[in-house]
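S.K.: structure for this input, please:
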Amino acid sequence: MIIIRKSQDRGHAQHGWLDSYHSFSFADYHDPKWIGFRSLRVINEDRVAASQGFGSHPHSDMEIITYVLSGELKHKDSMGNEGIIKTGEVQKMSAGTGVVHSEFNASAKTEVHFLQIWIEPSDKDLSPSYEQHYLPVHQHNDLLSFPINIHQDAIIFRGRTSKGHELTYSLGIGRGAWIQVISGAVTVNGKSIETGDAAIIEKETSLQFTTQDNCEFLLFDLK
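M.R.: Residues are numbered from 1 along each chain as shown. Sure thing, here's the model as predicted:
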């Protein structure tokens with residue numbers, strides 16, 4: 001079973017300094033049909049204006065993953081971590097028992113574009129932790145797993161494929177997949193998805209990808 005979630009059907013918030021699309025209910029956007037998918041709770045596609053951002057705010061009991069698509073994001077948290085998340089880098093913060101952090105556009109001239117992802121952990125009250133990794137820019141025509149430790153039975157892959165290329169992914173029995181297209185277009189088991197679209201997959205054990213145009217996407221393999 002495959003359900004397509006079109007880009008234009010996502011929640012949308014425009015705050016001037018922040019342009020944000022919500023795949024799931026978030027903040028003032030609420031849709032009871034889209035609360036989350038398995039342990040996946042948030043996928044926000046954010047564009048933040050130059051020198052703007054999110055001031056210090058708390059989180060707990062959530063795996064928070066940020067993937068910067070363009071620009072640079074300045075991070076600071078109560079664990080003592082401070083630095084820049086650059087284009088092509090992925091950051092994971094386990095909020096656990098509680099953490100306070102801020103995220104600002106590190107540039108005074110250009111916007112920063114990123115995905116923020118929340119996954120519910122399998123256990124509560126974990127010790128907060130932080131990771132940051134660079135994903136190889138030359139990855140092509142395959143799936144690359146995010147090199148992060150998620151406190152949940154979940155794996156995130158980045159796919160980068162050229163037009164006409166085919167990929168196959170085996171999904172375990174009883175597992176589900178969420179595919180989020182970042183750019184380009186691809187078919188999954190014959191269903192077409194484009195920039196900003198998602199495919200929600202249940203009761204399938206083999207995923208066949210055929211790229212319609214140069215494409216970047218994320219694949220979430222979830223219990």
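
S.K.: please give me every residue in contact with Asn105.
M.R.: Counting by Cβ atoms under 8 Å, 6 or more residues apart in numbering, Asn105 touches Val48, Ala49, Ala50, Ser51, Gln52, Gly53, Gly71, Glu72, Leu73, Lys74, Glu111, Val112. Yep, even glycine has a C-beta here, placed from its N, CA and C like the rest.

S.K.: could you check the pLDDT of it?
M.R.: Asn105 carries a pLDDT value of 98.

S.K.: quick one, domains of this structure?
M.R.: Here the domain parsing of the chain from automatic domain parsing is 10-134, 142-222.

S.K.: looking at these, which is nearest to Met1?
M.R.: Nearest to Met1 among those is domain 142-222; the distance by Cβ to Cβ comes to 4.8 Å.

S.K.: any idea of the mean pLDDT in the closest one?
M.R.: For domain 142-222, mean pLDDT is 96.

S.K.: sorry, back to before: now restrict the contacts of Asn105 to buried residues only.
M.R.: The neighbour-count test (16 or more other Cβ atoms under 10 Å) marks Val48, Ala49, Ala50, Gly53, Gly71, Glu72, Leu73, Lys74, Glu111, Val112 as buried among those.

S.K.: for the nearest residue to Ser127 once chain neighbours are set aside, helix, strand, or coil?
M.R.: Distance criterion Cβ to Cβ, 6 or more residues apart in numbering; nearest residue to Ser127, sequence neighbours excluded, is Gly96 at 5.5 Å. Put simply, Gly96 is coil when judged by DSSP: H, G, I helix; E, B strand; the rest coil.

S.K.: Gly96 and Arg38: what is the separation?
M.R.: Distance of Gly96 to Arg38, computed by Cβ to Cβ, to the nearest Å: 20 Å.

S.K.: hmm, back to that, among the domains of the chain, which comes closest to Ile4?
M.R.: Among these, the nearest to Ile4 by Cβ to Cβ is domain 142-222 (5.9 Å).

S.K.: off-centre distance for that closest one?
M.R.: A distance of 12 Å separates the centroid of the chain from that of domain 142-222, by Cα atoms, centre = their mean, to the nearest Å.

S.K.: longest strand in this structure, by residue count?
M.R.: Ranked by residue count under DSSP state E, the longest strand found in the chain is strand 206-222.

S.K.: who does that strand pair up with?
M.R.: Paired strands of strand 206-222, with direction, are strand 154-161 (antiparallel), strand 166-170 (antiparallel), strand 176-188 (antiparallel) (DSSP bridges).

S.K.: need these in CSV with distance to Glu131 and mean neighbour count, can you?
M.R.: Below are these laid out as CSV (distance: least, Cβ to Cβ, whole Å; neighbours: other Cβ atoms under 10 Å):
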stretch, distance to Glu131, mean neighbour count
strand 154-161, 13, 21
strand 166-170, 24, 13
strand 176-188, 21, 21
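
S.K.: and of the domains of the chain, who's closest to Ile2?
M.R.: Ile2 lies closest to domain 142-222 among those, at 5.0 Å (Cβ to Cβ).

S.K.: what's the closest of the buried ones among the contacts of Asn105 to Leu171?
M.R.: Nearest member of the buried ones among the contacts of Asn105 to Leu171, counting by Cβ to Cβ, is Leu73, at 31.4 Å.

S.K.: could you find the closest non-adjacent residue to the closest one?
M.R.: Leaving out its chain neighbours, the residue that sits closest to Leu73 by Cβ to Cβ, 6+ apart is Ile85, at 4.4 Å.
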